[in-house]
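Chemist: Predicted structure and sequence below. I'll ask about it afterward.
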Amino acid sequence: MSTQPIPVGGTIDFREYLATIRLRKWSILVITALCFGLALAYTAQQTPLYSSAAKVQATNPLAAFAGANALATPNMVTEQALVTSTLVSKCAVQILNNPNVTDPTAQQTDPKTGKVTGPALCDPAVLTSPTSPVVVPAGLVKSIKVSGGDNSSTILQITATDKKPVVAQQIAEAFAQAYVAVKTMQAEAFIDARREPLLQQQGNLSSKLNSLQNQIFHVSSLGFNPTALSAMASRVGQDLDQVNAELIDLAPSKITPPYVASDAPVPTAPSSPHKTLNAALGLALGLVLGVGIAFLREALSDELRGRADFEDHAGVPVLAVIPRVASWRRKSDAKLFTVDQPKSVVAEAYRTLRTSILFSSMQRGLHTIMVASANAGEGKSTTAANLAVVLADSGKRVVLISADLRKPRLHRFFGLEGEPGLSNALVGEATVWDALQAPQVENLRVMASGPVPARPTELLQSEGMGELLADLRDVSDFVIIDTSPILPVADALVLAPLVDGVLLVADASITTRSAVTHTRELLDQVDAPLVGAVFNDYDPSRDRGGSGYYGYGYRRYGYYGEPDAATQLRAKRNGGALPASENGQSLHVAPEPPAMERPAQPDS
């Protein structure tokens with residue numbers, strides 16, 4: 001039978017996103033809680049810091065002066081840089097060291113005598129001198145943040161941060177005052193430099209005018225005409241008037257210095273750490289990290305993601321999905337659900353498998369079926385036993401063979417002896433018919449494995465095995481063969497060419513994608529007729545492929561529950577099977593002679 005191409009790699013489509021998150025929700029929650037806790041712990045260990053901000057109205061002090069090349073509004077980028085400049089920082093240090101000073105631009109005076117004792121605190125000439133004793137402490141400027149001045153605003157916000165609220169307020173206030181003082185003194189120094197030559201010229205012209213006026217008076221008193229002197233005095237007076245006008249234009253009162261628009265308050269609550277923000281960031285980071293790790297694990301995971309994923313890797317359709325039985329915790333226990341719980345979800349699933357097998361039998365002449373799996377413990381023996389029961393229950397003559405000659409357990413499902421069996425028949429110690437045992441299921445015969453041989457693969461590969469299958473095929477409708485797992489040993493591969501179809505069983509919780517792919521490749525190498533697959537131990541909540549329809553269908557329509565105590569008691573009295581009138585099925589103790597008899601020997 002041709003199969004689909006083997007898929008390469010694995011992808012996660014949109015249908016799997018929510019399913020992946022649901023499946024790995026606990027790991028996501030653990031990572032999220034861990035990140036959230038670390039964020040809270042980090043926040044708790046941080047030293048609280050307090051911030052205080054002063055607002056300053058920035059101006060261009062020389063904007064009113066003609067010829068000063070001053071713009072009407074200041075360049076706010078330049079002003080922000082000036083706040084943390086060395087000159088302003090030194091001025092702020094002086095203000096912090098002299099808390100009683102109210103005007104840092106005023107000359108220092110003796111409070112008792114009123115005499116000038118030194119220059120102003122923020123005198124640029126002193127602060128820029130190489131011999132200036134003012135030192136800015138390390139980290140002071142880093143505690144300052146200047147913002148504002150966006151768009152048309154000329155307000156600077158000077159924010160200081162410190163461990164103590166009062167210190168933060170003092171630093172912000174000091175830098176605001178220092179900025180105002182430096183800008184004011186720089187403007188005054190500029191105007192003073194422009195006025196100095198004019199004042200000197202004014203003095204010279206005033207002296208010259210006074211001298212000429214004295215000469216005119218003296219000449220007039222002698223009776224002479226002072227015409228020349230008067231003309232000269234007039235010209236000097238005109239020059240003096242022009243100088244006075246220029247001095248009026250350069251009057252210091254026209255300076256428009258910046259000013260503190262809002263004093264820095266004493267903060268009452270810490271500005272950092274931001275507990276709410278840190279907690280939110282920790283929560284968000286945990287969610288992103290948890291989901292990311294979940295999808296990374298999913299991308300790197302080799303486990304089957306659901307029915308559709310199993311079909312993709314097996315290359316054949318899944319004929320039945322056998323749901324998980326929560327009460328069946330020990331998988332090593334032999335469970336014959338189709339007999340013990342004929343109305344359960346699991347039994348209905350095996351009947352679905354029976355329908356697919358019967359249809360394939362009509363279409364392809366499917367009579368001998370090998371039930372195989374990649375590794376041990378995936379449910380192939382359980383599948384073979386329950387499939388044989390439901391086929392026999394439908395009126396078909398079924399022979400169930402235990403061809404697992406290494407770790408046989410098929411006979412345990414029916415409470416039969418392990419000998420004689422297949423190995424006895426193959427070595428000639430018993431006939432095929434002597435090796436058949438009759439369980440308490442009508443139309444069904446079971447051939448146990450017999451003693452474990454020394455070379456099971458060679459025994460299964462012998463001509464006797466082919467003849468045995470041919471003999472059983474002649475007297476039955478179906479021959480179901482349970483085998484050893486394919487990947488560990490070659491027993492199943494030597495049997496595959498002898499059967500009409502191979503049914504591949506995978507356990508939804510333990511079978512890996514690579515195991516399914518490798519198993520299919522091995523079956524393809526021996527031209528095994530792989531006809532379908534069975535998805536065993538299926539949990540709808542773990543399906544990531546969107547095929548979890550078994551999650552509700554049987555519960556709503558097909559699940560009738562286990563038989564009650566009275567019914568189970570009657571079943572025990574009948575030899576372990578439920579009466580047909582109570583289970584709705586035709587399974588019952590077979591009182592009739594075997595349906596499959598030894599062929600009549602020809603006359604000699």
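Modeler: Cool, the structure landed.
Chemist: Name the spans of the stretch 251-400 of the chain whose pLDDT lies under the cut-off.
Modeler: Along the stretch 251-400 of the chain, the parts satisfying pLDDT under 70 run over 326-333.
Chemist: can you pull out the helices in it?
Modeler: 275-300, 307-314, 337-340, 345-364, 380-393 (DSSP state H, counting those that start in this stretch).
Chemist: Comparing those, which stretch has the densest surroundings?
Modeler: Mean neighbour count (mean count of other CB atoms under 10 Å) peaks for helix 380-393 among these, with a mean of 28. All C-beta spots, glycine's among them, are computed from the backbone N, C-alpha and C.
Chemist: ok, which stretches of this protein are strands?
Modeler: When secondary structure is read from DSSP state E, the chain shows strands at 50-57, 108-109, 116-118, 144-148, 155-162, 259-262, 318-323, 368-373, 398-402, 436-437, 444-447, 478-482, 501-507, 530-538.
Chemist: for those, which one sits closest to residue 284?
Modeler: Taking CB to CB, strand 50-57 is the member of those nearest to residue 284, at 24.6 Å.
Chemist: mind exporting that closest one as CSV, just the C-alpha atoms?
Modeler: In CSV, the C-alpha atoms belonging to strand 50-57 read as follows (Å, rounded to 0.1, in the frame of the first residue of the first chain):
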residue,chain,number,x,y,z
TYR,A,50,13.3,61.0,46.7
SER,A,51,13.0,63.5,43.9
SER,A,52,12.2,67.2,44.1
ALA,A,53,11.8,69.6,41.1
ALA,A,54,12.1,73.4,40.7
LYS,A,55,10.8,75.2,37.7
VAL,A,56,12.7,78.1,36.1
GLN,A,57,11.4,80.5,33.5
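Chemist: Pull out the buried positions in that strand.
Modeler: The neighbour-count criterion (16 or more other CB atoms under 10 Å) identifies 50-56 as the buried residues of strand 50-57.
Chemist: Would you agree residue 286 is in contact with residue 27?
Modeler: No - judged on CB atoms under 8 Å, residue 286 makes no contact with residue 27 at a distance of 11.4 Å.
Chemist: that older thread, so which of the buried residues of strand 50-57 would you say is closest to residue 349?
Modeler: Nearest member of the buried residues of strand 50-57 to residue 349, counting by CB to CB, is residue 51, at 67.7 Å.
Chemist: Look up which residues are beta-bridged to that closest one.
Modeler: Applying DSSP bridges to residue 51 gives these bridge partners: residue 161.
Chemist: Next one: it from residue 294, what distance?
Modeler: 40 Å (CB to CB, to the nearest Å).
Chemist: Check residue 525 too.
Modeler: For residue 525, the distance to residue 294 - CB to CB - is 37 Å.
Chemist: Not counting sequence-adjacent ones, nearest residue to residue 404?
Modeler: Residue nearest to residue 404 in three dimensions, not counting chain neighbours: residue 484, with 4.8 Å by CB to CB, 6 or more residues apart in numbering.
Chemist: same question, residue 20
Modeler: residue 298 (4.9 Å).
Chemist: ok, residue 335 touching residue 382?
Modeler: Yes - using CB under 8 Å, residue 335 is in contact with residue 382, at 6.4 Å.
Chemist: what's the overlap in contacts for these two?
Modeler: residue 413 (CB atoms under 8 Å, 6 or more residues apart in numbering).
Chemist: Least confident secondary structure element in this protein?
Modeler: helix 580-583 (a mean of 38; mean pLDDT, DSSP states H and E).
Chemist: tell me which residues in stretch 81-91 are buried?
Modeler: 82-84, 87-91.
Chemist: any low-confidence regions in the stretch 451-600 of the chain?
Modeler: 541-600.
Chemist: for it, what spans make up the helices?
Modeler: Under DSSP H, counting those that start in this stretch, the stretch 451-600 of the chain gives helices at 456-460, 463-475, 491-495, 513-525, 553, 565-573, 580-583.
Chemist: Let's have these in CSV, adding mean neighbour count.
Modeler: Converted to CSV, the helices of the stretch 451-600 of the chain look like this (neighbours: other CB atoms under 10 Å):
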stretch, mean neighbour count
helix 456-460, 19
helix 463-475, 16
helix 491-495, 24
helix 513-525, 19
helix 553, 12
helix 565-573, 11
helix 580-583, 14
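Chemist: Just send those helices back as TSV, with distance to residue 95 too.
Modeler: Shown next, in TSV, are the helices of the stretch 451-600 of the chain (distance: least, CB to CB, whole Å):
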stretch	distance to residue 95
helix 456-460	97
helix 463-475	105
helix 491-495	92
helix 513-525	74
helix 553	82
helix 565-573	95
helix 580-583	98
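Chemist: got the angle between the longest helix belonging to the chain and strand 155-162?
Modeler: When the chain is scanned for its longest helix (criterion: DSSP state H), the result is helix 165-221. With axes from the mean of the first three to the mean of the last three CA atoms, to 10 degrees applied, the angle from helix 165-221 to strand 155-162 works out at 130 degrees.
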